[in-house]
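*Asks:* Give me a 3D structure for the following:
(3 chains)
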Amino acid sequence: MNWVNAVVQGILLGGLYALFATGLSILFGVVRVVNLAHGDFAVLAAYLALVVVTTTHLHPLLTLLIVVPLFGVLGYFGQRLVIQKSLDVSPVTTLLVSFGLSVVIQNALLVAFSADSHSFDVGHLISASVQVTPQLSIAVVSVMIFLSAVLLLIGLQLFLSGTALGRQIRASADDQEAARIAGVDTHHVFGIAAAIAFASVAIAGVALGIYSSFDPSAGPPRLIYAFEAVIIGGVGSLWGTLVGGIVLGVAQTLGSQIDPSSGVLAGHLVFLALLALRPQGLVRARLAA
Amino acid sequence: MAKDAEQKAVTQGSIRVTRSRRPAWWGVIGAAILLALLATLPFVVYADVTDALVNVFILLVVASMWNLLAGYCGLISVGQQAYIGSGAYTVLILAQNGINPFVAIPAAILVSAILSIPVSFLVFRLRAEYFAIGTWVVGEVFFLGVARFKSLGGGTGRALPGLALMDPALRGAITYWSALVVTAAALLGTYLLLRSRMGLDLTAIRDNELAARSVGVRVSTAQRVVYVVSAAGCGAAGAIIIISQLNVLASAIFSVNWSAKMIFISLIGGLGTIEGPILGTAIYFAIQQTLAQVGAWYLILLGLLAVVIAMYLPRGLWGAISSRLHLQVFPVGYWLHNSPAPRSIPSPSGGGQGGGQ
Amino acid sequence: MLEVRNLTVHHGFLPAVSDLSLTVEAGQTLAIIGANGAGKSTLLRTIAGLHRPTSGTITLDGKAITGLSAHARVREGVVLVPEGRRLFPSLTLEENLRVGSTAGRAGTWSVDRVIAQFPWMADRRREPTVHLSGGEQQAVAIGRALMANPRVLLLDELSLGLAPTMLRRIYGVFPQLVADGIAVLLVEQDVGQALHVADRFQCLLEGRTTLEGKPGEATPQKIEAAYFGLGPSGTGSAA
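*Replies:* Numbering: from 1, shown residues only, chains lettered A, B, ... in the order given. Have a look, this model is predicted:
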């Protein structure tokens, strides 16, 4: 029973969950769309990175340079061509379309790659663990992922509050109609927001491949964890996704300490408890970052 | 000018309001005949036909239940499998304690309905868009909870006791009849619900929730009722599933694939109508039978079909048909007649009903 | 400068605006008055690009803008100050102003000039706008519109919910608008205020023009008749 170790691992795991949650949070916060294929897109990014690694023998971290911009472009055009069209039909349509896409992606990956699971080899240095105390050892990878989540959130915060485009995104998220009559091309702005969301999904996917492993069906659990992190932290708050991710991560690792097969269930129960007791989330949300 | 004439007609009281465009008797008689015919099948055809029909009925029931929630309340649930599973496991537990599985079916319905009540208080806290994932989480919690119990089969599945000594043909027939009764009850129940006062509330909610709230419709009560009814129906389906399969595997019965089926069927057939799931089930079953050999490709096809229909044919096939032909098999709206040729006022926000005010 | 011809706009099956025409010249103020539901807001929103008309045309200096999206119209210089202010709650006062200049039109309006017009803003630039009073928010909404350097300014119900002193301060910006040559289309329920500041007015009832002219020409009785639809032709019709 090593509680300290479990808590620390949980906190670091929260970084990975925050990476997943950020994309979901942005897409919903700005475009008001819940993408049920969110986890599957992350897995798609991981497979894309896998293809790059196997064909070019690039270091997995370097694949980010290819996969992230690609997904950004995918997000932009996906928003303008598919998501916007779905939104025009009805709010419910986006859920249904994304659910359909989820099934398509999972099965397409199954056909293309088989059900085997994969992970990325990032070399000795990064795979190493540091023995901080006799009871506590920390994997370099986990810290890296946690730090990248923090950096992503800082970057987003700066972008949203410090740039004209960021301002337009926040304005469009607040009141789309008012933004239009102020001169903002909201369809373009939503495309940018979606591009950012998809880019962070790509980062999350590659991180997943580095941290553990992935297979075609790995998407839905990631979607659920991302969603739980958003709700626990508080819808509408960027930093809430980090807080939510950490709470979820710790709940899962502590749950595993109590009973090895109950980590995920513990996370769900904490989520449901928070939903019952504090549905607005732990972090008080201003409407955007 | 036509509007003035219409207004005059209203004030002079020469408007007749009916529930359907043509007398509904032909529908009632037709349904009764169909039901009678279906009931005779075990005497007439081989068991594999009735077994296949049981699967069709199961799909129809779960799709109708999902459709109630999605089409009439706008609540997209990806977690109804929680109640399919709870229905199945109720039957299992009762059978393990000596009760005949067929007798346990009503218990399965009741248990699922009761479980859904506290769950509804939780998931209704989530705004519409997140409601879907919330229900999915609940489904996962049910699964993980059940999977912990070795007596229920844990991760490896459990056979259903109590029916082993029954003659297979008889068992198959009673399973078939049970499924038929459940399906008929589900459809009839849905129809009656939608024709009732609550049905009017639900249609109002479907068309414009805010407006419905502002005229006094108790939205959350109506939604909760539908949620519980939907859970009950799924519980019944779960009971039929375990009886027809004679065993249950937690990961399969609680799988989100059930939601996928409900969604595909409802999308293809048409959200927000009773006829939609019937048409959708038929089509889905046909696709499943013809393409099952192709494995994952058929799911890719179904997913793409769902995407295309959701975007371009949002009212599904039945919606497209019924709006062209002004056809309703289950009349649940209202028609205004103020002249020899009845005119319908189409509902502006869609939904598959052929008439209404 | 702005010309609307035979505009018809429907809400679902109901015609909100029927076959309506109007013109506004540079530096002029046209007031649109009428009771609730007369179609005034719908008219402005359609000119701004938030509603598609069923028929009719909108031209700006001869160029047809009927098919342009809302943000494209802002680029052309047609800017709406919407009913209810509609500021962005998660943005500060200054950020709200800055969003107004997104379209990138050249002109003399800037954050500094807006603050010079409403000096109280100087100390409260970084405040979230939710903390401001109704009148202050209205000023910010106008400032946001001005930041776009408009040629045509559409003002929807400025006076709703504002105290008279605040209203006077808001209307104090009008001389600047005239000096800049901006054409102003003003929708107002407060008839007195509207006629006080307008060069011409048009009265709407059920989406149609019932009276138009210069404020000095029309007697109060004539305006009242046009406003409520009382007249020699028939009984008061239901709204």
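
*Asks:* and the gap between the closest residue to residue B:154 other than its chain neighbours and residue A:259?
*Replies:* For residue B:154, ignoring the flanking residues on the chain, the nearest one in space by Cβ to Cβ, 6 or more residues apart in numbering or on different chains is residue B:147 at 5.9 Å. For the C-beta atoms, the positions are set from N, CA and C on the backbone; glycine is no exception. Counting by Cβ to Cβ, to the nearest Å, the gap between residue B:147 and residue A:259 amounts to 12 Å.

*Asks:* Now do the same contact list for the one residue sitting closest to the centre of chain C.
*Replies:* By Cα atoms, centre = their mean, chain C has its centre lying nearest to residue C:155, at 1.9 Å. Under the criterion of Cβ atoms under 8 Å, 6 or more residues apart in numbering or on different chains, the contact partners of residue C:155 comprise C:81, C:142, C:184-187.

*Asks:* can you tell me the helix or strand for it?
*Replies:* Here residue C:155 sits within strand C:152-156, counting by DSSP states H and E.

*Asks:* And for the spatially closest residue to residue C:38 that is not a sequence neighbour, the neighbour number?
*Replies:* Residue nearest to residue C:38 in three dimensions, not counting chain neighbours: residue C:204, with 4.3 Å by Cβ to Cβ, 6+ apart. A count of neighbours around residue C:204, defined by other Cβ atoms under 10 Å in any protein chain shown, yields 27.

*Asks:* What of the one 10 residues further on?
*Replies:* Here the neighbour count serves as a burial measure; for residue C:214 (other Cβ under 10 Å) it reads 11.

*Asks:* cool, and residue B:32?
*Replies:* Around residue B:32 sit 10 other residues, with neighbours defined as other Cβ under 10 Å.

*Asks:* what pLDDT, on average, does the helix or strand hosting residue B:263 get?
*Replies:* Using DSSP H and E, the secondary-structure element containing residue B:263 is helix B:257-269. Mean pLDDT, taken over the full extent of helix B:257-269, equals 91.

*Asks:* and that helix, what other elements does it pack with?
*Replies:* Based on contacts counted as 3 or more Cβ pairs under 8 Å, 6 or more residues apart in numbering or on different chains; DSSP states H and E, the elements that helix B:257-269 packs against are helix A:91-113, helix B:47-67, helix B:81-96, helix B:275-291, helix B:296-312, helix B:316-325.

*Asks:* Same list (those) but as TSV, adding mean pLDDT and distance to chain C.
*Replies:* Compiled in TSV, these are given as follows (pLDDT from 0 to 100; distance: least, Cβ to the nearest Cβ, whole Å):
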stretch	mean pLDDT	distance to chain C
helix A:91-113	91	19
helix B:47-67	91	26
helix B:81-96	94	37
helix B:275-291	88	25
helix B:296-312	88	21
helix B:316-325	77	17
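
*Asks:* just these: most buried one?
*Replies:* Neighbour counts averaged per stretch over the helices and strands packed on helix B:257-269 are highest for helix B:81-96, at a mean of 27; criterion: mean count of other Cβ atoms under 10 Å in any protein chain shown.

*Asks:* same question for the next helix or strand after that helix, mean pLDDT?
*Replies:* Later in the chain than helix B:81-96, the nearest helix or strand by DSSP H and E is helix B:105-123. Across helix B:105-123, pLDDT averages out at 95.

*Asks:* Can you point out the buried residues in helix B:105-123?
*Replies:* Buried residues in helix B:105-123, counting neighbours by 16 or more other Cβ atoms under 10 Å in any protein chain shown, are found at B:105, B:107-109, B:111-113, B:115-116, B:119-120, B:122-123.

*Asks:* List just the nearest of the residues you listed to residue C:9.
*Replies:* Taking Cβ to Cβ as the measure, residue C:9 sits nearest to residue B:123 out of the buried residues of helix B:105-123, at 40.7 Å.

*Asks:* is it true that the closest one touches residue B:132?
*Replies:* No - with contact defined as Cβ atoms under 8 Å, residue B:123 does not reach residue B:132; the gap is 9.5 Å.

*Asks:* Show me the helices in chain A, by range?
*Replies:* Across chain A, reading from the start of the chain, the helices by DSSP state H fall at A:3-26, A:38-56, A:60-77, A:84-89, A:91-113, A:123-127, A:140-162, A:164-174, A:176-181, A:186-211, A:219-233, A:238-258, A:263-277.

*Asks:* ok, the residue of chain C found nearest chain B to chain A distance?
*Replies:* Closest residue of chain C to chain B, Cβ to the nearest Cβ: residue C:12 (5.3 Å). Residue C:12 sits 16 Å away from chain A when distances are taken as Cβ to the nearest Cβ, to the nearest Å.

*Asks:* I'd like the contacts of residue C:155 written out as a markdown table, with neighbour count added.
*Replies:* Putting the contacts of residue C:155 into a markdown table (neighbours: other Cβ atoms under 10 Å in any protein chain shown) gives the following:
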| residue | neighbour count |
| --- | --- |
| C:81 | 25 |
| C:142 | 23 |
| C:184 | 23 |
| C:185 | 26 |
| C:186 | 26 |
| C:187 | 24 |
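
*Asks:* ok, which stretches of chain C are strands?
*Replies:* In chain order, chain C shows strands spanning C:2-11, C:14-24, C:29-34, C:55-60, C:63-64, C:78-81, C:152-156, C:183-188, C:200-205, C:208-213, with DSSP state E as the criterion.

*Asks:* now for the shortest one, which elements pack on it?
*Replies:* Contacts defined by 3+ Cβ pairs under 8 Å, 6+ apart place strand C:63-64 against no helix or strand at all.
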